[in-house]
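Enquirer: With the sequence up front, the predicted model follows.
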Amino acid sequence: MKKVFALLFAALLAIGLTACGTSSDSGSTGKDGEIEKLVMGFVPSQDSDEIADTVEPLADKLGEELGVEVEGKVMTSYSALVEAMGSNQVQIGFLPAFGYVLANDKHGVEVILKSERFGSGTYKAQYVVRADSEIESLEDMEGKTWAIPDLTSTSGFLFPAAQIMDEFGVEDVQSGFFSNTVEAGGHDNAIISVYEGDADVATTFDDARTTVEEDYPDVMDKLKVVGYTDEIPNDTISVTKELSDEWQKKIEDTFLSFNDDKKMIEIMNEVYSWDAIIQAEDSEYDVVRSTYEKFKDSISID
């Protein structure tokens with residue numbers, strides 16, 4: 001576990017300088033200091049090119065309402081988005097819960113909004129295996145190959161790892177419980193890894209199987225869910241500390257107005273399965289911080 005997190009945070013620091021360019025301003029500014037451009041960052045939950053095409057009208061609409069250019073940028077990973085916001089190369093980030101906690105702790109990034117799905121502001125992570133697998137419980141997963149979306153994924157890594165640590169008393173989940181870990185690069189790819197037999201179990205948000213149904217129409221039959229974690233606060237819309245209170249409020253109000261715009265909500269649903277956008281408070285993510293504490297001895301955050 002120590003080696004994994006050391007590599008993770010080395011990657012976080014390295015990515016920060018290259019993720020989205022080199023500007024450290026609060027977006028692009030004109031001669032009078034007013035913001036002329038904002039960058040809105042996304043992480044891959046599915047094919048990056050598809051997300052980029054899908055979010056373009058969302059970025060255009062946000063820019064139209066705010067009166068500035070807004071660019072939608074799909075990052076390579078959660079880690080890249082955290083560091084891009086830390087260096088203020090991205091000002092608005094669609095961050096999962098753990099990504100937000102890291103960004104808040106390291107860089108003072110602030111949550112303003114979060115997703116609502118099925119009328120709830122929380123969700124669970126799920127454990128997915130092949131339907132013909134003999135795995136029926138967490139205990140049966142010991143010694144198997146584990147597919148995760150990303151090491152900074154809340155539902156894909158953090159909460160499942162903490163649950164296994166608690167239930168089985170292991171310190172290193174990846175080598176002390178699972179035999180091997182595949183970092184798939186997205187929830188859809190983690191699901192596909194199990195579907196294609198490259199991994200025995202995947203941990204994803206509930207129910208990530210639907211994200212690959214178009215290409216794998218029998219995925220709901222071929223894969224089964226054998227367990228869930230505790231409730232997790234939903235993913236966020238967060239902003240950099242460099243944005244003024246006035247700009248944060250403008251962004252918050254504009255996103256909330258999209259609840260009355262069917263086209264915008266359809267886009268949010270297509271990208272991240274958001275049914276609505278609701279307000280969020282930092283304190284809601286304390287449960288994620290307490291889960292993160294389990295790894296504090298293995299992580300050094302500079």
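Expert: Ah, there it is.
Enquirer: Assign V70 to one of the three secondary structure states.
Expert: Under the three-state scheme (DSSP: H, G, I helix; E, B strand; the rest coil), V70 adopts strand.
Enquirer: nope, G41 is what I was after
Expert: Under three-state DSSP, the three-state class of G41 is strand.
Enquirer: Would you confirm that it contacts I92?
Expert: Yes - counting by Cβ atoms under 8 Å, I92 is a contact partner of G41 at 6.9 Å. Quick note: C-beta positions are derived from backbone N, CA and C, even for glycine.
Enquirer: tell me, what's touching the two both at once?
Expert: By Cβ atoms under 8 Å, 6 or more residues apart in numbering, G41 and I92 have no common neighbours.
Enquirer: in stretch 245-258, what's buried?
Expert: Within stretch 245-258, the residues scored as buried using 16 or more other Cβ atoms under 10 Å are 247-248, 250-252, 254-255, 258.
Enquirer: Please put the alpha-carbon coordinates of that stretch into CSV.
Expert: C-alpha atoms of stretch 245-258 as CSV (Å, rounded to 0.1, in the frame of the first residue of the first chain):
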residue,chain,number,x,y,z
ASP,A,245,-17.0,35.0,-4.3
GLU,A,246,-18.9,36.9,-7.0
TRP,A,247,-17.7,34.5,-9.8
GLN,A,248,-18.3,31.5,-7.6
LYS,A,249,-21.9,32.6,-7.1
LYS,A,250,-22.4,33.3,-10.8
ILE,A,251,-21.2,29.8,-11.7
GLU,A,252,-23.3,28.2,-8.9
ASP,A,253,-26.5,30.1,-10.0
THR,A,254,-26.0,29.3,-13.7
PHE,A,255,-25.5,25.6,-13.1
LEU,A,256,-28.6,25.5,-10.8
SER,A,257,-30.6,27.2,-13.6
PHE,A,258,-29.8,24.2,-15.8
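Enquirer: In contact with L113: list those residues for me.
Expert: By Cβ under 8 Å, 6+ apart, the contact set of L113 is 236-237, 252, 255-256, 277-280.
Enquirer: host element of it?
Expert: Using DSSP states H and E, L113 maps to strand 110-116.
Enquirer: so what strands line up beside that strand?
Expert: Strand 110-116 has the following sheet partners, assigned by DSSP bridges: strand 236-239 (antiparallel), strand 276-279 (antiparallel).
Enquirer: so which of those comes closest to D172?
Expert: Taking Cβ to Cβ as the criterion, D172 comes closest to strand 236-239 out of those, the separation being 29.1 Å.
Enquirer: Run the chain-centre distance for the closest one.
Expert: 11 Å (Cα atoms, centre = their mean, to the nearest Å).
Enquirer: can you map out the helices along the protein?
Expert: Secondary structure of the chain (DSSP state H): helices at 2-15, 48-66, 78-86, 97-107, 159-168, 173-176, 187-195, 219-222, 245-257, 262-272, 286-292.
Enquirer: In the longest one, which residues are buried?
Expert: Right, the one you point to is helix 48-66. Within helix 48-66, judged by 16+ other Cβ under 10 Å, the buried ones are 48, 51, 54-55, 58-59, 61-63, 65-66.
Enquirer: One more: the fifth one?
Expert: For helix 159-168, the neighbour count (16+ other Cβ under 10 Å) marks 159-165 as buried.
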